[in-house]
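1. coords below, sequence missing:
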């Protein structure tokens, strides 16, 4: 073999080795959990002492995208201990401008029912982290409108929330407003419609962001099966309240030992409906974590894929500031090519995390770990 041929053979071997090396690096990169780079600030929203109604806590936000902007509807508690819903707007999904007045205020009747159900001094109306201790707390509040979720359907902003009217009477409510008014901070909500029966404790019910078979589609249980009810809000009381058999059954052998319920309204992706949920682990008690699953687009009762590990855990200071160990994801949007997740941190702050949507979908579909890191802009 002449010298030129020998050089060509060695060059070919070197190129083959380099190609194999880069393929290996790509394989290793795909096997690693998808991580986010920390930005400069988290929480994205904190209690505001200049607004009496949100001076103590802001958390558990709904999120939606409209006109290229990210909108949040978040639970807020003032010194009176009543939960109201605030509104904030962002051009980039990171830096938010909030409005000075609540976007939704619970009715006087709802507050009266909550007060009537109290077993201590009914004249004391305050945010109280001692009375509402860490084991039975409702975020430090004693009544009002809690934990909103929101979707856009037929040019309407549709919001569901929990009406806290006593420890044994926490009912799901639906209300709507014209989506085009939201950027101005105008919310002409329709009269709220109860979806669940009185005398029940119901939480974590979420709507699909489109009608199915001409009706609203609502997920009210996710384990052991995905349970969906289809309804028309105008006839819900006539047709009967939605019945849910929610139970916190154990998923033995997994990280999500006790599944506490759905978190964010499903997001439509090319791979299926992306649904985030809340769960705890008996091996790591006292810490809420966030899981992810993909549901079939045509049959959303069918779980196609489920994350093998939690995608978000309560590891930052603001997730352990008051009620330690809480990340409670209630809002998620697809913004540009990212999945932005907004969550309540420690029952006191609104925080955010993000990941490339395609990275998360790949991990889910290939049974690999994926992880969100808190946005700390």
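-> Ah, there it is. Here the structure is a predicted model, which means the values were calculated and not measured.

2. how about the helices in the stretch 251-377 of the chain?
-> 357-365 (DSSP state H, counting those that start in this stretch).

3. can you tell me the closest non-neighbouring residue to residue 325?
-> Nearest residue to residue 325, sequence neighbours excluded (Cβ to Cβ, 6 or more residues apart in numbering): residue 287, at 3.8 Å. No exception for glycine: its C-beta is placed from N, CA and C like everyone else's.

4. tally of neighbours for that neighbour?
-> Residue 287 is flanked by 17 other residues according to other Cβ atoms under 10 Å.

5. how about residue 264?
-> Neighbours of residue 264 (other Cβ under 10 Å): 25.

6. for the residue lying closest to it once chain neighbours are set aside, list each beta-bridge partner.
-> Excluding the flanking residues, the one nearest residue 264 by Cβ to Cβ, 6+ apart is residue 332, at 4.1 Å. Residues in a beta bridge with residue 332, per DSSP bridges, are residue 341.

7. from residue 194, how far off is residue 332?
-> 26 Å (Cβ to Cβ, to the nearest Å).

8. kindly report the same for residue 267.
-> Taking Cβ to Cβ, one finds residue 267 at 27 Å from residue 194.

9. on that earlier part again, of residue 332 and residue 194, which one has the most company?
-> residue 332 (27 against 17).

10. residues contacting the more buried one?
-> 63, 263, 264, 265, 267, 274, 276, 339, 340, 341, 342 (Cβ atoms under 8 Å, 6 or more residues apart in numbering).

11. nearest to residue 326, out of the residues you listed: which one, please.
-> For the contacts of residue 332, the closest approach to residue 326 (Cβ to Cβ) belongs to residue 263, at 12.3 Å.

12. check contacts around the closest one.
-> So residue 263 contacts 204, 206, 275, 276, 277, 278, 290, 328, 329, 330, 332, 343 (Cβ under 8 Å, 6+ apart).

13. what do you get for residue 152?
-> Taking Cβ under 8 Å, 6+ apart, we find residue 152 in contact with 64, 66, 158, 179, 209.

14. how about 6 Å then?
-> Contacts for residue 152 were tallied using Cβ atoms under 6 Å, 6 or more residues apart in numbering; they are 64, 179.

15. this completes my enquiry, with thanks.
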